[in-house]
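**Q** next comes the sequence, and after it the predicted model I'd like to discuss.
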Amino acid sequence: MAMPEGIGVVDLMIGFPFADKKQVYANLQARLKDSQSTDEFVMPVEYMFKGIPDEAEEGSDPIEYTIAEMDRWGIDKGLFGLSEMSIEAKRRHPSRVYFVTEVDPNDVMGTVRLMKAKKAEHDLKAISVFPSGLVPQVAVSSPLMYPLYATAIKLDIPVIANAGIAGPRFPSAPQHVEHFDQVCYDFPELRLVMRHGAEPWEKLVMKLMLK
């Protein structure tokens with residue numbers, strides 16, 4: 001099969017630069033238990049990633065800086081977390097900025113209502129969930145996720161779920177690739193995106209995709 005042409009790169013996880021990097025990960029820091037992650041790291045996965053680049057220069061426009069970086073790396077469109085800044089970015093660059101919102105299935109009906117409201121108000125393009133980062137954790141195949149899947153089908157948007165070993169030092173069982181097998185069986189209409197490559201179960205992922 002020939003590779004498709006004329007399709008630009010779509011980045012599913014873009015954020016704007018922040019002066020206080022640690023604040024960006026504050027919601028994750030509270031869930032970590034080891035002292036290195038809580039006391040030494042700014043980013044919870046610094047044991048893997050070295051030389052984290054500096055943020056934009058002080059006084060620069062974070063929106064235009066981000067669009068320039070997209071141009072620099074050949075990214076045509078991106079999914080941005082829904083915020084006041086991303087709404088302004090969408091106003092300036094309507095063909096490049098699209099919205100995703102991270103959800104917590106522990107609040108089942110609250111999340112269902114949120115999805116419907118954000119789709120109606122901002123044309124939400126996807127929802128995302130970090131199963132291992134939730135408190136309490138929620139597996140990809142948990143019954144708590146099923147109303148979200150059904151709502152996503154009705155709204156015609158995909159669900160982006162972290163898969164594989166979690167980057168931060170959280171237990172990773174909720175993100176095991178085997179969970180996706182059951183979900184795809186129960187929701188054949190669902191568009192389900194595995195985020196972060198499902199490492200180290202890449203071969204299992206390929207088998208499930210073929211299936």
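**A** Sure thing, it's come through. A quick note: this is a predicted structure, and the numbers were derived from the prediction, not measured.
**Q** lowest average confidence, helix or strand, in this structure?
**A** When the helices and strands of the chain are scored by mean pLDDT, DSSP states H and E, helix 21-24 comes last with a mean of 69.
**Q** strands of this protein, start to end?
**A** For the chain, applying DSSP state E gives strands covering 9-14, 75-81, 97-102, 126-129, 159-162, 192-195.
**Q** buried ones in the first one?
**A** I take that to be strand 9-14. Leu12, Ile14 (16 or more other Cβ atoms under 10 Å). (Each C-beta comes from the backbone N, C-alpha and C, glycine too.)
**Q** list the contacts of that strand.
**A** The contact list for strand 9-14, computed with Cβ atoms under 8 Å, 6 or more residues apart in numbering, reads 66, 70, 73-80, 100, 126, 128, 160, 193, 195.
**Q** just want the angle from it to strand 75-81.
**A** Using axes from the mean of the first three to the mean of the last three Cα atoms, to 10 degrees, the direction of strand 9-14 lies 20 degrees away from that of strand 75-81.
**Q** direction included, what does strand 9-14 pair up with?
**A** In the sheet, strand 9-14 lines up against strand 75-81 (parallel) (DSSP bridges).
**Q** over to the last one?
**A** If you go by DSSP bridges, strand 192-195 pairs up with strand 159-162 (parallel).
**Q** now the partner strand: average pLDDT?
**A** Strand 159-162 shows a mean pLDDT of 98.
**Q** distance between that strand and the chain's centre?
**A** With Cα atoms, centre = their mean, to the nearest Å as the basis, strand 159-162 stands 6 Å off its chain's centre.
**Q** cool, stretch 52-62 as well?
**A** For stretch 52-62, the distance to the chain centre is 22 Å (Cα atoms, centre = their mean).
**Q** next one: stretch 130-138
**A** Worked out by Cα atoms, centre = their mean, stretch 130-138 lies 13 Å from the chain centre.
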